[in-house]
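Undergrad: What follows is a predicted protein model with its sequence.
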Amino acid sequence: MQAIKRGDKMKKITVEQLVKRFSLEVLGGESALVNEIESEDLHRPGLELTGFFDFFPFERIHLLGKQEFSYIFSLCEEERRMRMREYIEQKPPCVIITRGQEGLENLALVCESEGVPLLRTTEKTTEFMGKLHTHLRKELAREMGVHGVCVNVFGVGILIRGTSGIGKSEVALELIKKGHRLISDDLVILKQIGPEALIATHNGNNRDFLALRGVGLVDITRLYGSGACQDETKVNMDLLLSPWDPDRYYDAMGVEKKTVQYIDTKVEHIEIPIRPGRDISTLIEVAAKNWRLEQNGYDALVEFNERLKDQW
Amino acid sequence: MLKKITVHDLVHKFQFEVVAGEKGLSQPLECDDLHRPGLEFTGFFRFFPNERIQVLGKQEISYLHSLTKKEREERIKGIVKKHPPCFIITRGQQELDYFEKFCSQEEIPLLRTNEKTTKIMSKLNNYLEKELAEEIGIHAVCLNVFGVGILLRGDSGIGKSELALSLIERGHRLISDDMVNLKRIDPETLMGTHNDNNRHFLALRGIGLIDIIRLYGTGSFQEETKVDLDILLSPWDEKTYYDAIGYEKKKSKYLDVEVDHVEIPIRPGRDIAALVEVAAKNWRLGQQGYNALEEFEERTAEGFK
């Protein structure tokens, strides 16, 4: 493994944004709609409703479904009031009631006085949790900015890096001319979506733009059409362009497989030395196709070794 | 159609330690949701989701240890008797005396991992969602054109595979011919893939089955794509009025996920591959908020001033 690049930052959204996004009904604690959510995880309180508060997940959104309601209503009036008060006093960021369930007027009062937003949806618990989790995962995805150019070549997401002036944007232009797509030039935003997917996108300001030395800023969609850009791609390969160093040995067989880690994802890494007369865009196309072959279990080096073995 | 995987597949994938109940490893998993039992440990079993994997983190184990020995035995027995597919203990927690006993008795796998509860739950969720994603097979061709996932439908013989070939010739990528497997990954995402048997293959009338990777190289195929646009090819009908302006935005629905829909009438002399390319590019413009019809209406409105 080559290097770990971190510097990712946590993001937040407010309860109010959730209320708008999912058209939730606000039953109490309106003053606390500014509460911030930092965790994509959701929690259905169980033991908390019985008065057990060790390891209380303060950072998560809490949901009350059918099971929780049915438990709450199995308690006598007095106990119910006490438990609800104790539970809300722990101050979860917000509590969402599902299936439009009714009958907890007292809970709304406690939420109001404790400043905990109490929200309601008519959707079923599992379905709503699925949607909410997908939304939070996207909105709260950890992200980082990388200096580079991101392109999608034959459906393979490639992050091109290298020092300023080495020709990253120029190589991207060659690739666009060959029918591939630009995602972002100069500043690439990487997002960790779920434990396995690393997504690259632009930052909004540089969408469609490519900065070419001498020519200036060009709009790729206007020049090449909307088939020449895309908003995001999964990142499959990290490609470093470096000046040719005559004193260095470059592995032309691919004996050593290298990876780079961005946020939580390991990405295959290759380095292409630049020298006049080498057509870099063609090399990148080949790297992309070869990546796909390897994904399918084909490795030319392994086959070469086998052929040699057969001869011996 | 819901696919099935077993507890054994999970043990293999996540390297869980099997603490007890090996005999139950062939238990099928049918639900992609996980459950952290809470109220169940207090003896409350209404709406207990016994079809779900039960995950026990620090909170749950710590609660169990706050009970008396006798209570603990009863509560654990109670939940194991409900026969969930398996229990997973996180953070390498030890001292699970009654759990081991009842899980062996009832043949329910008791698994252990060193990972933290939230982390393993997130990984499990991801894995189960993919493996158990609702899936249907439809008669169609799936391609990726300029990064836009396209489903081509239409009656047998209308030329879906031939159209796919033209698109591959133009540098786009095949995902699946004839039979496309559609998976719902989340409430808004539909993925299209092949069914393994037809991987790389395109069936052309007269020529036969061809292998796209051998003919056009690896850049002409991909394993799966998000499906963005559903295109129906239909024979040109003299009596039908075809909307060439795009007044009406239509949608198709697969597995409860909505996908934009367009219908392209087929007539000799129309270059359908070019039309599909344009549909893909136009879909992208639409995503970015541009609509040619709106601009046209604005221009004409100004003309009236």
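TA: Yep, it's here. Residues are numbered from 1 along each chain as shown, chains lettered A, B, ... in the order given.
Undergrad: Give me the neighbour count for the residue of chain B found nearest chain A.
TA: Relative to chain A, the nearest point of chain B is residue B:38 (1.6 Å; CB to the nearest CB). In short, each C-beta sits where N, CA and C put it, glycine included. Residue B:38 has 23 neighbouring residues, counting by other CB atoms under 10 Å in any protein chain shown.
Undergrad: The one 4 residues further on too?
TA: Neighbour count for residue B:42, taken as other CB under 10 Å: 20.
Undergrad: Touching, it and residue A:48? I think so.
TA: No: using CB atoms under 8 Å, residue B:42 makes no contact with residue A:48, being 11.2 Å away.
Undergrad: least trustworthy helix or strand in chain A by mean pLDDT?
TA: strand A:4-5 (a mean of 46; mean pLDDT, DSSP states H and E).
Undergrad: Following element in sequence after that strand, please.
TA: Downstream of strand A:4-5, the first helix or strand assigned by DSSP states H and E is strand A:13-14.
Undergrad: Show me what that following strand is in contact with.
TA: Defining contact as CB atoms under 8 Å, 6 or more residues apart in numbering or on different chains, one finds that strand A:13-14 is touched by A:33-37, A:136, A:139-140.
Undergrad: how much space between the closest residue to residue B:193 other than its chain neighbours and residue A:300?
TA: The shortest distance from residue B:193 to any non-neighbouring residue, by CB to CB, 6 or more residues apart in numbering or on different chains, is to residue B:224 (4.1 Å). Going from residue B:224 to residue A:300 by CB to CB, to the nearest Å gives 24 Å.
Undergrad: Pick out whichever of those two has more residues nearby.
TA: Set residue B:224 next to residue A:300 and count neighbours by other CB under 10 Å: residue B:224 wins out with 18 against 12.
Undergrad: Wait, that one touches residue B:191, no?
TA: Yes: using CB under 8 Å, residue B:224 is in contact with residue B:191, at 5.3 Å.
Undergrad: Does residue B:213 touch residue B:221 like I think?
TA: Yes: between residue B:213 and residue B:221 there is a contact under CB under 8 Å: 5.3 Å.
Undergrad: anything in contact with each of the two?
TA: In contact with both residue B:213 and residue B:221: residue B:200, using CB under 8 Å, 6+ apart.
Undergrad: And residue B:258, which helix or strand is it part of?
TA: With DSSP H and E as the criterion, residue B:258 is inside strand B:257-266.
Undergrad: Touching that strand from outside, list them.
TA: B:151, B:154, B:158-159, B:184, B:187-190, B:227-237, B:240, B:242, B:249-253, B:272, B:275-276, B:279, B:283, B:286.
Undergrad: Ok, stretch A:25-33 next?
TA: Contacts for stretch A:25-33 (CB under 8 Å, 6+ apart): A:14-16, A:19, A:94, A:97, A:107-112, A:114-121.
Undergrad: mind running it again at 10 Å?
TA: A:14-20, A:35, A:88, A:91, A:93-97, A:100, A:102, A:104-105, A:107-122 (CB atoms under 10 Å, 6 or more residues apart in numbering or on different chains).
Undergrad: Pull out the CA atoms of it and give them to me as PDB.
TA: This file holds the C-alpha atoms of stretch A:25-33, laid out as PDB (Å, rounded to 0.1, in the frame of the first residue of the first chain):
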ATOM      1  CA  GLU A  25     -45.100  16.600  10.800                       C
ATOM      2  CA  VAL A  26     -43.700  18.500  13.800                       C
ATOM      3  CA  LEU A  27     -45.500  17.500  17.000                       C
ATOM      4  CA  GLY A  28     -43.300  19.200  19.600                       C
ATOM      5  CA  GLY A  29     -39.900  20.700  20.300                       C
ATOM      6  CA  GLU A  30     -40.000  23.100  17.300                       C
ATOM      7  CA  SER A  31     -37.400  25.300  19.000                       C
ATOM      8  CA  ALA A  32     -34.900  22.500  18.600                       C
ATOM      9  CA  LEU A  33     -35.200  21.900  14.900                       C
END
